[in-house]
Structures are given as C-alpha cells and as structure tokens.
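Chemist: what shape does this take:
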Amino acid sequence: MFQAISAFKRPISVSERLLICVVDDDRRLGLSLEDLLLGTGFEVMLASSAEEFLESPESDHCDCVVCDVRMPGIGGLELLRQIRSRRDVPVLMISAHGTQAVREQVDMWGGAGFIEKPFDAGSLIDQIRRAVRPAASDT
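Modeler: So this is what the prediction gives:
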C-alpha cells in the first residue's frame, strides 16, 4: 500500500484539474489512491485491469497513468508498451516487485518513473506532478 502523510502541498487549482488514471488489480489500493488523488485536486479514473483501461473512453484523455506492473491478463509493462504506441502520456509504474530488470524495462519503454510498494503518498503526488508538469504548461 502507501504510507499516508499528514500534510500535502497545496492542491492544484480547479483550472489545472488533471485526469489521473490508476490501473491496479488491487481494489483496496485503487480506492485508497482515488481518495488520495481526489483530495489533492486531481480527477481520477480507476481501472482494475489493463483490459478495462484500454476499453475505457477516458483512457484517451488521461494526463497521467499510474499502473501496477503485475496484473492478471495484460501486465503493466505490456500496457506501458501499448500506451506508448497510441500516445505520449506519462506512465508511472508501481510494484512490490521492483527488480532491476523491471526498472530497465520501464525506462526502455519510456515510463515516467517507477515507485516501489509500499510508497509514501507524498512521493507519489510529487512524481505525478513532475510527470504532468510539461503537459500542464502546454495548456
């Protein structure tokens, strides 16, 4: 899971509300991340599998994807490859199984970062903000 922190940096303003898509087969983690991200000022879409994410119309409008590496069916690394073939959106990979080989694949396929579970909520928010900053400044 992630470790809550007592104080977040300022929430983003309504005019900056960005859609963060969370793809993780762990429903409890997904709901926890949804609460965290909504409370920080982001819009959130949850998908419990890569297949659900790919079939969702919102998948084409995400400003950032936070995706688990190990999932049944299409895994996170394959989803990262598929996202990269469709569009250029930051993808942060999360996993409790962060081997060097996995980290290298995330880098090779253009992932915006890798976060090992359990992670600090503030670190996740910071990485999301860094990943979307170029996109937010283009608008």
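Chemist: can you map out the helices along the protein?
Modeler: 27-40, 50-55, 76-86, 100-108, 121-138 (DSSP state H).
Chemist: pull out the buried residues from the second one.
Modeler: Burial within helix 50-55, assessed by neighbour count using 16 or more other CB atoms under 10 Å, is assigned to 50, 52, 53, 54. In short, each C-beta sits where N, CA and C put it, glycine included.
Chemist: nearest to residue 75 among those?
Modeler: Using CB to CB, residue 50 is the member of these that sits closest to residue 75, with 7.1 Å.
Chemist: follow-up on the earlier one: ok, of the helices of the chain, where does mean pLDDT dip lowest?
Modeler: Per-segment mean pLDDT for the helices of the chain reaches its minimum on helix 121-138, at a mean of 82.
Chemist: now the angle from it to helix 27-40?
Modeler: Taking axes from the mean of the first three to the mean of the last three CA atoms, to 10 degrees, one finds that helix 121-138 is oriented at 60 degrees with respect to helix 27-40.
Chemist: list the helices and strands helix 121-138 packs on?
Modeler: Packing partners of helix 121-138 (3 or more CB pairs under 8 Å, 6 or more residues apart in numbering; DSSP states H and E): strand 2-3, helix 27-40, strand 64-68, strand 91-95, strand 113-116.
Chemist: what do you get if the cut-off is 10 Å, keeping everything else the same?
Modeler: strand 2-3, strand 19-23, helix 27-40, strand 64-68, strand 91-95, strand 113-116 (3 or more CB pairs under 10 Å, 6 or more residues apart in numbering; DSSP states H and E).
Chemist: got those as a markdown table, with distance to residue 133 columns?
Modeler: Below are the helices and strands packed on helix 121-138 laid out as a markdown table (distance: least, CB to CB, whole Å):
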| stretch | distance to residue 133 |
| --- | --- |
| strand 2-3 | 21 |
| strand 19-23 | 14 |
| helix 27-40 | 15 |
| strand 64-68 | 10 |
| strand 91-95 | 13 |
| strand 113-116 | 13 |
